[in-house]
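>>> Need a 3D model of the following:
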Amino acid sequence: ETQGWSKNLPQGFQVLATQDGHFMVLGSKKETAGEVETHTPYLARYTSEGQLVYERYYSRASATSMEATKMDLMSNGDLWVTGTARKADGSEHHLLSRINPATGDTLYMSLYPSHGDVVDFYLQTTPTGDRFYRVTLPSRGDIMAGNLIEITENFEAVKEVGAIVGVHFGRLHPYTSSTPDGYITIGDDYNGDLIKIGPEGNLAINEFYGRNVLAAPTPSGGAITLNLFKGQILNKDLELVSEMPFGSFNSSLPFSHVSKLKIAPNGFLVGGSYGPNMQTRAPFIFTLNNQGVLIWDKAYQHEEGSTLLDLAPTAEGGAVMLLGNEASIRLVKTGSQGDVLSTQEETALLNGRVSVYPNPANGDEVTLLFPKPFSGTMQLFDQTGRLQYEKVLQNSINYQLTLPMTLSTGLYHVRLLDSKGTVGTVKVVKN
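Residues are numbered from 1 along each chain as shown. Below is the predicted model:
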């Protein structure tokens, strides 16, 4: 039986599928000493079965703080990781590094004095090799225009490609795709810039598609775009071919918002969240074929309160989701239809089959009944995600939980974490 899984992570904000079907997680460890905040890059590799291959933290003797912000997969399978760094004298630097994903070994890690006008870097894979770019803002501070500059792998400028409309402060999240007549890349999440770079590295098309647009290239050389209200299929000249109401994907989900659009083996993987407020919002994902037709969709109500930090497609047609809240960060693999598959013991936890009584609780005590002996950690969180109580259990069939007297009436969540990293959540109401 194909197994899904859920793994707890110390940190993470991006997940990427490797060429051999494994998954890389990039994060940043943050530490604070007085008023000084420092960061350390974190990288972990998991197999498709959820086994941890390695986790690494990276440092340089010349840097007091380094923060990775993005990783891209190069055409040969290596990782190109970019970010920022700070030296002991307080000077700011750009971080550019290349890492072997199989071992986590650093092939190179370089620091370059910060150019204040550089807002992001990205990688474009082409049949003739990788191209590297940096995006700069003009000195006048116009946040609605920027320059695209091709660089060497080690930061040096090669040529100015052209001006980009709609570039906003913040990280860009481009997608790349080889096409017969050029390469499509996507500008930024905030303003939906669509850019087409020709075979010689020239800026062939640059279209502004409005705010809150996600986009990705299609195999035919066109693009797909999604926003709050609709989706569009565009041809290779980025002209409209067809339109699809977004409500046809998520009509049953209240207050839904898409935040991720990824290229999948047979189409596209889309993710977001739904719900009236941050405390009760839950993630959802769905897949589309290359024509924009819905294949399957799945909402994860039992994950309410968790943010979809990132996601990546699997070879089987499912997804790996990177979920986070104030209590934990988790990597969760789904089946080919979005189901979270597991063993019987894990399914009992994930589907909330742990019994709680009395519920609602009229006093300060409730009893948890487990379907089989449970060993692991039990945590109690309030509606804001703050940890109120924690207890390690050993072979427990039942556990009497005393609710802290300081807790007010309302809804609480009991989270269960076993030795395999499986997480289950059950609700408790205190009257």
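>>> Now tell me which helix or strand of this protein has the poorest mean pLDDT.
Least confident helix or strand of the chain, by mean pLDDT, DSSP states H and E, is helix 344-350 with a mean of 44.
>>> For the helix or strand just after that helix, list every residue counted as buried.
Once the chain leaves helix 344-350, the next helix or strand it forms, by DSSP states H and E, is strand 355-357. Using 16 or more other Cβ atoms under 10 Å as the test for burial, strand 355-357 gives Val356. Heads up, the C-betas are built off the backbone N, CA and C, glycines and all.
>>> The helix or strand following strand 355-357 pairs with which strands?
Sequence order places strand 365-381 as the next helix or strand after strand 355-357, per DSSP H and E. Sheet neighbours of strand 365-381, with direction, are listed as strand 355-357 (antiparallel), strand 387-402 (antiparallel), strand 410-418 (antiparallel) (DSSP bridges).
>>> Same question for strand 365-381: list its buried residues.
366, 368, 370, 374, 376, 378-381.
>>> do stretch 121-134 as well
Applying 16+ other Cβ under 10 Å to stretch 121-134 flags 121-126, 130-134 as buried.
>>> what do you get for stretch 57-72?
So for stretch 57-72, counting by 16+ other Cβ under 10 Å, buried means 58, 60, 63-72.
>>> Specify the beta-bridge partners of Thr125.
Asp130.
>>> farthest pair in the buried residues of stretch 57-72?
By the measure Cβ to Cβ, Thr64 and Asp72 form the most distant pair in those, at 25.9 Å.
>>> which one of the buried residues of stretch 57-72 is nearest Met24?
Nearest member of the buried residues of stretch 57-72 to Met24, counting by Cβ to Cβ, is Met71, at 6.8 Å.
>>> elements contacting the host helix or strand of the closest one?
When elements are assigned from DSSP H and E, Met71 belongs to strand 63-73. Strand 63-73 is packed against strand 14-17, strand 23-33, strand 36-46, strand 79-87, strand 92-99, strand 118-126, with contacts defined by 3 or more Cβ pairs under 8 Å, 6 or more residues apart in numbering; DSSP states H and E.
>>> Recalculate using a threshold of 6 Å.
strand 23-33, strand 36-46, strand 79-87 (3 or more Cβ pairs under 6 Å, 6 or more residues apart in numbering; DSSP states H and E).
>>> tell me the most buried of those?
Counting by mean count of other Cβ atoms under 10 Å, strand 79-87 has the highest mean neighbour count of these, with a mean of 21.
>>> Let me see the contact set for Thr38.
By Cβ atoms under 6 Å, 6 or more residues apart in numbering, Thr38 lies in contact with 31, 65.
>>> residues contacting the nearest residue to Thr84 once chain neighbours are set aside?
Spatial nearest neighbour of Thr84, excluding adjacent residues (Cβ to Cβ, 6 or more residues apart in numbering): Glu67 at 5.2 Å. For Glu67, the contact set (Cβ under 6 Å, 6+ apart) comprises 28, 39, 83-84.
>>> Same check on Asp310?
Asp310 neighbours (Cβ under 6 Å, 6+ apart): 14-15, 322.
>>> and which of those residues is nearest Leu411?
Closest to Leu411, out of all of the contacts of Asp310 and judged by Cβ to Cβ, is Leu322, at 25.4 Å.
>>> quick one, phi psi at Gln301?
Gln301 adopts backbone torsions of phi -60, psi -30, taken as degrees, to the nearest 10.
>>> wait, what's in contact with it?
Ala282.
>>> one more time with 10 Å
253, 274-275, 280, 282-284 (Cβ atoms under 10 Å, 6 or more residues apart in numbering).
>>> So which of these belong to strands?
274, 282-284 (DSSP state E).
>>> Surely Gly90 is in contact with Thr64?
Yes: at 8.8 Å, Gly90 counts as touching Thr64 under the criterion of Cβ atoms under 10 Å.
>>> Same list (the ones in strands among the contacts of Gln301) but as CSV, adding distance to Thr406 and pLDDT.
Below are the ones in strands among the contacts of Gln301 laid out as CSV (distance: Cβ to Cβ, whole Å; pLDDT from 0 to 100):
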residue, distance to Thr406, pLDDT
Tyr274, 32, 85
Ala282, 28, 87
Pro283, 31, 91
Phe284, 35, 91
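>>> Out of those, flag the one nearest to Ser48.
Each of the ones in strands among the contacts of Gln301 was scored against Ser48 by Cβ to Cβ, and Pro283 proved nearest at 20.8 Å.
>>> Look up how far Arg386 lies from the closest one.
Distance of Pro283 to Arg386, computed by Cβ to Cβ, to the nearest Å: 20 Å.
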